[in-house]
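Peer 1: next come a sequence and a model predicted from it.
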Amino acid sequence: MRCAEIVTDRISPDGLLRLVEDGGEGAVVLFGGRVRGRNEGRAVRVLHYEAYEAMAADILAAIGAEAIERCGATQVAVRHRAGDVHPGEWSLLVAVAAPRRAAGFAAARYVVEQVKGRLPVWKREVYEDGTSRWLDGVDPGVRSADEVPMRTYDEGGA
Amino acid sequence: MRQVETGIPIRLLLFGPFREMAGRGEMEISVPPGSRVRDLVDQLRSAPPLDALPAAVAVAVNRRFAPPDRDLAAGDEVALVPPVAGG
């Protein structure tokens, strides 16, 4: 685990890639989630992320360790934004290094799905007309990591 | 006042829509000895400002998700966790 952070500053793919690329592994996978400029037909001004930061940092570190253990990745680095994030900015970045691409893709996807299923983070979407609403979330329940479903690619979220 | 003196002090954290429901993000509360997570949720749902709380709310105790039958201890940090929306 190279990095598992909840941060209020902007995050960059280059910064995260540098954390995992020094081991000489053959595959590096980067996932970036960005705030949409439009969501469900409405113009978005800003997405406000609220986090239970101490717990979220613990869970992020656990997710990264699980991705190494379960998927065969060698290194994982993940950063998640908190606070106000504007359209086009990165909200979630996941970088994975692995010996082969299959392990790299699997680990990157594992981290993203687990973040969406378990991380204690909430987001309030603020629109250009000044209105806002909490976006629907998923029940984290009291589940083991095995019970967080792998969702299909066309479902909502980053 | 007797119940307050003999109760278990809990630090309650609220986030997102639950924080807005309560009008604050943190509360110091007291629960009767022997209380479990489900008892705390029932207590909170019995009166404003959290009477609209879902019965099946997810709860974390000391930063880990906890089942309804988890015993509560003095000084526990208990968080009510709305449906999560990371990413």
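Peer 2: That came in fine, so what should we check first? Residues are numbered from 1 along each chain as shown, chains lettered A, B, ... in the order given.
Peer 1: my guess is B:Arg24 contacts B:Leu13. True?
Peer 2: No - contact between B:Arg24 and B:Leu13 fails when scored by C-beta atoms under 8 Å: they sit 10.1 Å apart. Every residue, glycine included, has its C-beta placed from N, CA and C.
Peer 1: which one of the two is surrounded by more residues?
Peer 2: Set side by side, B:Arg24 and B:Leu13 show more neighbours around B:Leu13, with 20 against 11, by other C-beta atoms under 10 Å in any protein chain shown.
Peer 1: in chain A, which ranges drop under the pLDDT threshold?
Peer 2: Residues of chain A that meet the criterion pLDDT under 70 lie in A:141-158.
Peer 1: give me every residue in it that's in contact range of chain B.
Peer 2: Counting by C-beta under 8 Å from any C-beta of the partner chain, chain A comes close to chain B at A:33, A:50, A:52, A:54-56, A:58, A:80, A:91-92, A:112, A:115-124, A:134-143, A:157-158.
Peer 1: out of these, which are inside helices?
Peer 2: A:54-56, A:58, A:112, A:115-118 (DSSP state H).
Peer 1: can you list those in JSON lines and add distance to A:Thr8 and neighbour count?
Peer 2: Converted to JSON lines, these look like this (distance: C-beta to C-beta, whole Å; neighbours: other C-beta atoms under 10 Å in any protein chain shown):
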{"residue": "A:Ala54", "distance to A:Thr8": "14", "neighbour count": "15"}
{"residue": "A:Met55", "distance to A:Thr8": "17", "neighbour count": "23"}
{"residue": "A:Ala56", "distance to A:Thr8": "13", "neighbour count": "23"}
{"residue": "A:Asp58", "distance to A:Thr8": "18", "neighbour count": "15"}
{"residue": "A:Val112", "distance to A:Thr8": "21", "neighbour count": "23"}
{"residue": "A:Val115", "distance to A:Thr8": "17", "neighbour count": "26"}
{"residue": "A:Lys116", "distance to A:Thr8": "20", "neighbour count": "24"}
{"residue": "A:Gly117", "distance to A:Thr8": "23", "neighbour count": "23"}
{"residue": "A:Arg118", "distance to A:Thr8": "21", "neighbour count": "23"}
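Peer 1: out of the residues you listed, who's nearest B:Val41?
Peer 2: The nearest member of those to B:Val41, counting by C-beta to C-beta, is A:Met55 at 18.0 Å.
Peer 1: not counting sequence-adjacent ones, nearest residue to that closest one?
Peer 2: B:Arg63 (4.1 Å; C-beta to C-beta, 6 or more residues apart in numbering or on different chains).
Peer 1: tell me the contacts of that neighbour?
Peer 2: Contacts here follow C-beta atoms under 8 Å, 6 or more residues apart in numbering or on different chains; on that basis B:Arg63 touches A:52, A:54-55, A:58, B:77, B:79.
Peer 1: mind listing what's buried in the helix or strand harbouring A:Val20?
Peer 2: Using DSSP states H and E, A:Val20 maps to helix A:13-20. By neighbour count on 16 or more other C-beta atoms under 10 Å in any protein chain shown, the buried set for helix A:13-20 is A:16, A:19-20.
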